[in-house]
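Engineer: Return a 3D structure for these sequence lines:
(4 chains)
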2 protein chains.
Amino acid sequence: MAVDPECPVCRTADIVCAKWTLLVVRELDEGRSRFCELERSLTGISPRTLSLRLRELEEEGIVERQQLPELPPRTEYALTDKGRALLPMIEDMRCFGERWLDREDGAVLSAPSA
Amino acid sequence: MAVDPECPVCRTADIVCAKWTLLVVRELDEGRSRFCELERSLTGISPRTLSLRLRELEEEGIVERQQLPELPPRTEYALTDKGRALLPMIEDMRCFGERWLDREDGAVLSAPSA
DNA sequence: CGGCGTCACTTCACTTGGTAAAGTGGTTAT
DNA sequence: ATAACCACTTTACCAAGTGAAGTGACGCCG
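Structural biologist: Below you'll find the predicted structure:
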């Protein structure tokens, strides 16, 4: 990937900066766990990308996949401890976004008064 | 970008997850400030990408560009306060990387077989 | 029993974004 | 005058993500 594979920041960036990754992690932390639930809450994600991301995240040990032996067989995804270790980063991003980004072209954080 | 423009996490991710962004911010925090210095320390970045990234970051108010009135005219880049607000995220990434990724990537989940 | 819907994906054609390599225009050094 | 340095830009290419559609296993309804 051209960035230093020895550098923990680079390696983390490589994982979390794939599009949708952090959002998938957040949804999983908020309770969504099935493919179609994630698909619905991550509006705009393509099933291909979701599938790819979930697989990569599983390979990284960030999510766990469970095939429930039900009929129809449902698949459930959950965060591992490693996955939960990404949550502080998401928190930081939320803080940054709220502090520096949120709606600079209008109301700050009050309800928009049309 | 298809992700919710109301969501601070999404908006931050949009900025920060462009390739090289965080690494540029880190280099700038570590003192590197000229184009060719960044180019050299970010081994593998193309000048086009660096140029693009620097411009986007400048537009976002994350870096500041200074044209020094020297000969030859040098350009110096520096983090703004907003830019420095990204550093905790980088710290988190370093922690995550050191705790979960660093040098043990193959060994972590080596399944015996199947 | 057949058609319809759901789930967890995969496939395909297309677009976007990053890369490598080279080029630009100005400057200083030899 | 030639070469090298700086801060980029241009060009052509390739990989990753997108939207739309398709797949196969099932379940539900009339």
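Engineer: For the rest of this, base every contact and every neighbour count on C-alpha atoms.
Structural biologist: Noted.
Engineer: measure A:Tyr77 to chain B for me?
Structural biologist: Counting by C-alpha to the nearest C-alpha, to the nearest Å, the gap between A:Tyr77 and chain B amounts to 17 Å.
Engineer: residues touching that residue, list them.
Structural biologist: When contacts are counted by C-alpha atoms under 8 Å, 6 or more residues apart in numbering or on different chains, A:Tyr77 is found next to A:Leu28, A:Ser33, A:Arg34, A:Phe35, A:Val63, A:Glu64, A:Arg65, A:Gln66.
Engineer: Ramachandran coordinates for it?
Structural biologist: phi -110, psi 140 (degrees, to the nearest 10).
Engineer: how far away is it from A:Leu28?
Structural biologist: A:Tyr77 sits 7 Å away from A:Leu28 when distances are taken as C-alpha to C-alpha, to the nearest Å.
Engineer: do you know how far the nearest residue to A:Leu68 once chain neighbours are set aside is from DNA strand D?
Structural biologist: Here the nearest residue to A:Leu68 in space, its sequence neighbours aside, is A:Arg74; by C-alpha to C-alpha, 6 or more residues apart in numbering or on different chains that works out to 5.4 Å. With the distance defined as C-alpha to the nearest atom of the strand, to the nearest Å, A:Arg74 ends up 10 Å from DNA strand D.
Engineer: Model confidence at A:Arg74, what's the number?
Structural biologist: Predicted confidence (pLDDT) for A:Arg74: 82.
Engineer: how about the residues of chain A near DNA strand C?
Structural biologist: Contact residues (C-alpha under 7 Å from any atom of the strand) of chain A with DNA strand C: A:2, A:34-37, A:46-48, A:51-52, A:73-76.
Engineer: thought A:Thr12 was touching B:Glu91?
Structural biologist: No. A:Thr12 sits out of contact with B:Glu91 when judged by C-alpha atoms under 8 Å, with a separation of 10.8 Å.
Engineer: ok, the residue nearest to A:Leu68 touching A:Gln67?
Structural biologist: Yes. Using C-alpha under 8 Å, A:Arg74 is in contact with A:Gln67, at 6.1 Å.
Engineer: list residues touching both of these two?
Structural biologist: Jointly contacting A:Arg74 and A:Gln67 under the rule C-alpha under 8 Å, 6+ apart is no residue at all.
Engineer: tell me the secondary structure for the spatially closest residue to A:Leu38 that is not a sequence neighbour?
Structural biologist: Leaving aside its chain neighbours, A:Leu38 sits nearest to A:Arg32 (6.2 Å; criterion: C-alpha to C-alpha, 6+ apart). When the structure is reduced to helix, strand and coil (DSSP: H, G, I helix; E, B strand; the rest coil), A:Arg32 reads as coil.
Engineer: Equivalent analysis for A:Arg65, please.
Structural biologist: Three-state assignment for A:Arg65 (three-state DSSP): strand.
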